[in-house]
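>>> I need the structure of the sequence given here:
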Amino acid sequence: MDDKGAKVVYRSINKDDTAHFKIRLTEKVFYGQFEINYHGLYKDSGDVNGIVKGDTLKGTFHYQTYGIPKWYRIPIALLKKDNKLIMGVGAMEIKMNMTFFKKNVPIDYKHATFVFEKAD
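A predicted model of the protein is given here:
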């Protein structure tokens, strides 16, 4: 892996929703693009970046909802397991107009909306 990391493309399907995750991943950081298509009706798309600690990727998703000019930023957490990325869900709070995962509330990887597998 070079200093910019290997580019990896992941895909996940959950019922009628499809998510694509294109990232560069090093031992310490990740960054790339993330898109969620909801029932083919609308999508959220934008950039992701963050840090890697062991088997966990934590960062932010800076995105726009299709057709709306406003940008949003939310936390994102992924668990690397069995060559997959499991997108965790967690309780969130807003501080100083920024959204964070609540401290002292564990992120749930067992009830994930998306489990990403490497795309061909």
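
>>> Spit out the contact partners of the residue minimising distance to the centre of the chain.
When C-alpha atoms, centre = their mean is applied to the chain, the residue found nearest the centroid is residue 76 (4.9 Å). For residue 76, the set of contacting residues under the criterion of C-beta atoms under 8 Å, 6 or more residues apart in numbering consists of 34, 48, 50, 57, 58, 59, 60, 61, 87. Bear in mind the C-beta positions are built from the backbone N, C-alpha and C, glycine included.

>>> Pull out the buried members of those residues.
Taking 16 or more other C-beta atoms under 10 Å as the criterion, what is buried in those is 34, 48, 50, 57, 58, 59, 60, 61, 87.

>>> The last one: what's its closest spatial neighbour, skipping adjacent residues?
Spelled out, that is residue 87. Nearest residue to residue 87, sequence neighbours excluded (C-beta to C-beta, 6 or more residues apart in numbering): residue 114, at 4.4 Å.

>>> cool, the first one as well?
Closest residue in space to residue 34, ignoring its immediate chain neighbours: residue 48 at 4.6 Å, by C-beta to C-beta, 6+ apart.

>>> The one you found touches residue 32, doesn't it?
Yes. Using C-beta atoms under 8 Å, residue 48 makes contact with residue 32 at a distance of 5.8 Å.

>>> what kind of secondary structure is the residue nearest to the centre of the chain in?
State at residue 76, reduced to three classes by DSSP: H, G, I helix; E, B strand; the rest coil: strand.

>>> residue ranges with poor pLDDT in this structure?
In the prediction, the chain carries residues with pLDDT under 70 at positions 1-3.

>>> so where do the strands sit in it?
The residue ranges that make up the strands of the chain, judged by DSSP state E, are 6-14, 17-25, 29-38, 42-53, 56-65, 71-81, 84-87, 92-95, 98-101, 115-118.

>>> now the second one against strand 71-81, angle please.
Orientation check (axes from the mean of the first three to the mean of the last three C-alpha atoms, to 10 degrees): strand 17-25 against strand 71-81 gives 80 degrees.

>>> And strand 17-25, what does it pack against?
Where contact means 3 or more C-beta pairs under 8 Å, 6 or more residues apart in numbering; DSSP states H and E, strand 17-25 is packed against strand 6-14, strand 29-38, strand 42-53.
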